[in-house]
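Enquirer: 3D model of this:
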Amino acid sequence: MLEPINAFLKRRFPRFQRLLRDRYFEPVERLNVELKMVRSGGLQKLLSRFLSGGSAWRSELPVQSPQLIDFSDLFPQEAGRDLAAFLKEQATTFSEGAHAVYFPPKSVKHPAVESFLAGYPPHCGFKLVKRSGGVYESYLSGENQSATHEALTPTPQEQILVAQVLAAHQLGPQLVDLVEFQVGAQRWAVFVVEHLSGRAPTEQEYQEGMDMLRELVRQRVLQTVVAGGFNHKDFQPPDCSQNAILCDGKFSFVDFQSFAVDNYRSYLEQLAREAVEATHFGNESIFRGGKYLYQEIPGTSLLSKRTRGAREEELLRMLGEAGIKLSGRPIFDIGCNVGMMIGLYLKHGAKWCHGWDLEKVVPHTESLLRGLGCTRFSVTGGELSPKRQLMKDIPPFLSPQLEGLFVSYLSIRGHVGWLPQLAEIPWEYLLYEGHKGEGKVTSEQYLDELRALHPALVSCEVVSSGAVQDGDSEERLLYLLRRNG
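Expert: Have a look, this model is predicted:
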């Protein structure tokens, strides 16, 4: 109603229009936007989010910490004022929305960006959030945003969980990483994502895709955060304002900031329950309802044999004693189970983790890690036998990035022994955890067996040691080894 009056006054009486705009039109328009958000359930969603029980997971998830990529010495000073404008000048193609700019693979012709993307699978593009501030700040751009909309819209860090849910249900691209680009004093959130190409969905394909999105909302896995919910323009046919495409015969919705996670603890606990049969390596307990998880899952209340707190505390103490950090290091986790140590390593800034476990285990490893908001990992399933060529299992893009490699060998030697490939893997540090009942003398004998595998391992030395007792487990010894030469 106000728009035609505003346009008329702007043409005929511009000075009067500017006065009314500042004192009347903009406040009324902002009020209308807020009322629209309230009518579409925005206030109810906010109250549900902050007053409902069982939301302790919000302080724990996503588990993975973002990486900081400093381009201050590689980009000109003006890039620090408007990074989106600078990158668009370097790009052969891009697509732009109200709040972000997407750059397809190999579209930005700048050496620093090309070097950055070389650290990921070749099919990756990246989405730059226009608003500076980093991954923990508001995603939305523009001065006249609805306060309700801004409160409901997840920060880039929180959007990791939304993206992972959509990808898990084959309704969106796979999120590969969330990083911060820094230029001078400014930071921008950047999503590294699987590039999807395809066509606009037909009416039937659109309806089928929207039905699947509505089902996730009905189940309270997700909630919409835009005014009008599914009536918003970004959900309208045929292609949801170019946010929906059909790729390899599947409907994909790429605009994951239109959603927030809802009753996420229930969703995560369901993933964990599905993993119980495949991943528990201890005994059953009648007091715990039969089989139960081997590793504790952050953000849930499910029982487990091993817990995180004591292991994390002792690991950090040992790393500190040795004067090393996990941040920026590639990590191999041999015998990773459902990946909770991978999650811990990513929490402390690991560059990329690759894990190995049985074929029946790794699908749950992947689903649980993604459910926890982890993206910088890959896993391989199969028997860990002496003939296993571990280096052939890692993704090709990871092979040139193994400097400073850290190997995690936790409570696995008793099942597979020392794998001969440990002599060929170019690790710098190896963390060994013994088995229950394994004393100091026995553990040190096993470490001597590791050194005997190959002349290259003879000089590896213990730089820190410790012990941990967690959950139902008995105390286990820990040794941090450094490879010399």
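Enquirer: what's Arg81 sitting at in phi/psi?
Expert: phi -90, psi -40 (degrees, to the nearest 10).
Enquirer: which ones are touching it?
Expert: Residues counted as contacts of Arg81 (CB atoms under 8 Å, 6 or more residues apart in numbering) are Gln186. All C-beta atoms are positioned from the backbone trio N, CA, C, and that covers glycine.
Enquirer: one more time with 10 Å
Expert: When contacts are counted by CB atoms under 10 Å, 6 or more residues apart in numbering, Arg81 touches Ser132, Val183, Gly184, Gln186.
Enquirer: again, but for Ser95
Expert: Ser95 neighbours (CB under 10 Å, 6+ apart): Val101, Tyr102, Phe103, Pro104, Ser107, Gly125, Lys127, Gln242, Val254.
Enquirer: Confirm for me that the fifth one is in contact with Leu128.
Expert: No. Counting by CB atoms under 10 Å, Leu128 is not a contact partner of Ser107; they are 11.9 Å apart.
Enquirer: What segments of the stretch 301-450 of the chain are helices?
Expert: 309-322, 340-347, 362-371, 413-416, 440-451 (DSSP state H, counting those that start in this stretch).
Enquirer: now the end-to-end length of stretch 351-368.
Expert: Terminal residues of stretch 351-368 are spaced 19 Å apart (CA to CA, to the nearest Å).
Enquirer: Enumerate the positions of it that are buried.
Expert: Neighbour-count burial for stretch 351-368, counted by 16 or more other CB atoms under 10 Å, picks out 351-358, 361-362, 364-368.
Enquirer: Show me which pair in those residues is furthest apart.
Expert: Lys351 and Leu358 (25.7 Å; CB to CB).
Enquirer: show me what contacts the closest residue to Pro173 other than its chain neighbours?
Expert: Using CB to CB, 6 or more residues apart in numbering and skipping the chain neighbours, the partner closest in space to Pro173 is Glu194 (4.3 Å). Shown in contact with Glu194 (CB under 10 Å, 6+ apart): 105, 120-121, 123-125, 167, 172-176, 247, 252, 254.
Enquirer: In the sheet, which residues pair with Glu194? Tell me.
Expert: Assessed by DSSP bridges, Glu194 has beta-bridge partners Cys124.
Enquirer: What separation do you get for it and Leu398?
Expert: 16 Å (CB to CB, to the nearest Å).
Enquirer: for Pro121, same thing?
Expert: Counting by CB to CB, the gap from Pro121 to Leu398 is 9 Å.
Enquirer: Isn't Ile342 up against Arg370?
Expert: No. The pair Ile342 / Arg370 is not scored as a contact, 11.3 Å apart, by CB under 10 Å.
Enquirer: When those two are compared, which one has more neighbours?
Expert: Between Ile342 and Arg370, counted using other CB atoms under 10 Å, the more crowded position is Ile342 (30 against 23).
Enquirer: Run through the bridge partners of the residue lying closest to the more buried one once chain neighbours are set aside.
Expert: Excluding the flanking residues, the one nearest Ile342 by CB to CB, 6+ apart is Cys353, at 4.5 Å. Using DSSP bridges, the bridge partners assigned to Cys353 are Ile331, Phe377.
Enquirer: Got the confidence number for Cys353?
Expert: Listed pLDDT for Cys353 reads 98.
Enquirer: Break this structure into its domains for me.
Expert: 2-39, 56-262, 286-482 (automatic domain parsing).
Enquirer: quick revisit: top of the contacts of Arg81 by neighbour count?
Expert: Counting by other CB under 10 Å, top hit in the contacts of Arg81: Val183 with 24 neighbours.
Enquirer: quick one: the nearest residue to that one once chain neighbours are set aside and Arg187, what's the gap?
Expert: Spatial nearest neighbour of Val183, excluding adjacent residues (CB to CB, 6+ apart): Gly80 at 4.0 Å. Per CB to CB, Gly80 is found 10 Å from Arg187.
Enquirer: try Phe256
Expert: 21 Å.
Enquirer: Then Leu369?
Expert: Counting by CB to CB, the gap from Leu369 to Arg187 is 26 Å.
Enquirer: do the same with Leu128
Expert: Distance, Leu128 to Arg187, using CB to CB: 11 Å.
Enquirer: With Ser266 instead?
Expert: Noted for Ser266: a distance of 34 Å to Arg187, by CB to CB.
Enquirer: in the stretch 101-250 of the chain, what spans have low per-residue confidence?
Expert: Along the stretch 101-250 of the chain, the model assigns pLDDT under 70 to residues 143-144.
Enquirer: go with 80
Expert: 142-149 (pLDDT under 80).
Enquirer: Going by residue numbers, what spans are helices in it?
Expert: 111-117, 147-152, 156-168, 203-218.
Enquirer: Of the ones you listed, flag the one that's most buried.
Expert: Highest mean neighbour count among the helices of the stretch 101-250 of the chain (mean count of other CB atoms under 10 Å): helix 156-168, with a mean of 23.
Enquirer: what angle sits between it and helix 203-218?
Expert: With axes from the mean of the first three to the mean of the last three CA atoms, to 10 degrees defining the directions, helix 156-168 sits at 120 degrees from helix 203-218.
Enquirer: which neighbours do Leu128 and Arg187 share?
Expert: Jointly contacting Leu128 and Arg187 under the rule CB under 10 Å, 6+ apart are Leu83, Phe181.
Enquirer: Looking only at neighbour counts, state which of those two leads.
Expert: Remark: of Leu128 and Arg187, Arg187 carries more neighbours, 23 against 20, as counted by other CB under 10 Å.
Enquirer: Now do the same contact list for that one.
Expert: Arg187 touches 66, 68-70, 80, 83, 132-137, 179-181, counting by CB under 10 Å, 6+ apart.
Enquirer: so how far is Leu326 from it?
Expert: From Arg187 to Leu326 the distance is 22 Å (CB to CB).
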